[in-house]
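> Predicted model follows, preceded by the sequence.
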Amino acid sequence: QKEVEQDPGPLSVPEGAIVSLNCTYSNSAFQYFMWYRQYSRKGPELLMYTYSSGNKEDGRFTAQVDKSSKYISLFIRDSQPSDSATYLCAMGTGGFKTIFGAGTRLFVKA
Amino acid sequence: NAGVTQTPKFQVLKTGQSMTLQCAQDMNHNSMYWYRQDPGMGLRLIYYSASEGTTDKGEVPNGYNVSRLNKREFSLRLESAAPSQTSVYFCASILVAGIGNEQFFGPGTRLTVL
């Protein structure tokens, strides 16, 4: 079993929809949780970062962490065609390594 | 600042050939990483360098070697390329690892081994 599980999609939604992206994990030692966005043929870029359980908002993006269920989510409100990308969840224990999910491909149709 | 740069952007090798992927960062970061990205597999860590002068194996180190040349540069070498090493390779750096700082990624090298 992988330490981090993420549905690869693809997920296709109409413009303006609310998007929900999710990851589950098995290692209770993970302390910080991140979402990276990766456009086609580019390197990943950090989108959201959080330490604790609960919600964190940044504009149209909300990251949610539920440590008791070992489940994290990224919500995108009012999705735009420019949000079309692959979204990778990532987690770390405080050591040198970060564990990445497989990534979910998102398509937002105009 | 250029951030993290990688060369080459694309490469085609024949089985058994060798090559070195170059990575450099100009952000004075301490730690550097090499990942490979394959469809459905996400980013898998090959090697990392916690600080200048140190290197450690990641999840998939077999068939690769690395050199942390100085604080800025971290190279990845394939001594005898195999088709299983066809992948997109990303270099990343982080100011201080272990407390969740952002990893900055390069643009990637697309490698095909025939």
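All right, it came through fine.
> How about the residues of chain A by chain B?
Listed as neighbours of chain B in chain A under the rule Cβ under 8 Å from any Cβ of the partner chain: A:4, A:6, A:8, A:31-32, A:34, A:41-46, A:49, A:51, A:88, A:92, A:94-98, A:100-103. Yep, even glycine has a C-beta here, placed from its N, CA and C like the rest.
> Mind pulling the model confidence for residue B:98?
pLDDT for residue B:98: 66.
> Next, count neighbours for residue A:108.
20 (other Cβ atoms under 10 Å in any protein chain shown).
> and it, what is it in contact with?
A:13, A:14, A:15, A:17, A:19, A:79, A:80, A:81, A:82, A:83, A:84 (Cβ atoms under 8 Å, 6 or more residues apart in numbering or on different chains).
> switch to 10 Å and redo it
Residue A:108 is in contact with A:11-17, A:19, A:76, A:79-85, counting by Cβ atoms under 10 Å, 6 or more residues apart in numbering or on different chains.
> Please flag which of those residues sit within strands.
Using DSSP state E, the members of those that fall in strands are A:11, A:12, A:13, A:14, A:19, A:76, A:85.
> Show me which of those residues are buried.
Buried subset of the ones in strands among the contacts of residue A:108 (neighbour count, 16 or more other Cβ atoms under 10 Å in any protein chain shown): A:11, A:13, A:19, A:76, A:85.
> Which secondary structure element is home to the nearest residue to residue B:72 once chain neighbours are set aside?
In space, and not counting its chain neighbours, residue B:72 is closest to residue B:24: 5.2 Å by Cβ to Cβ, 6 or more residues apart in numbering or on different chains. Using DSSP states H and E, residue B:24 falls within strand B:19-25.
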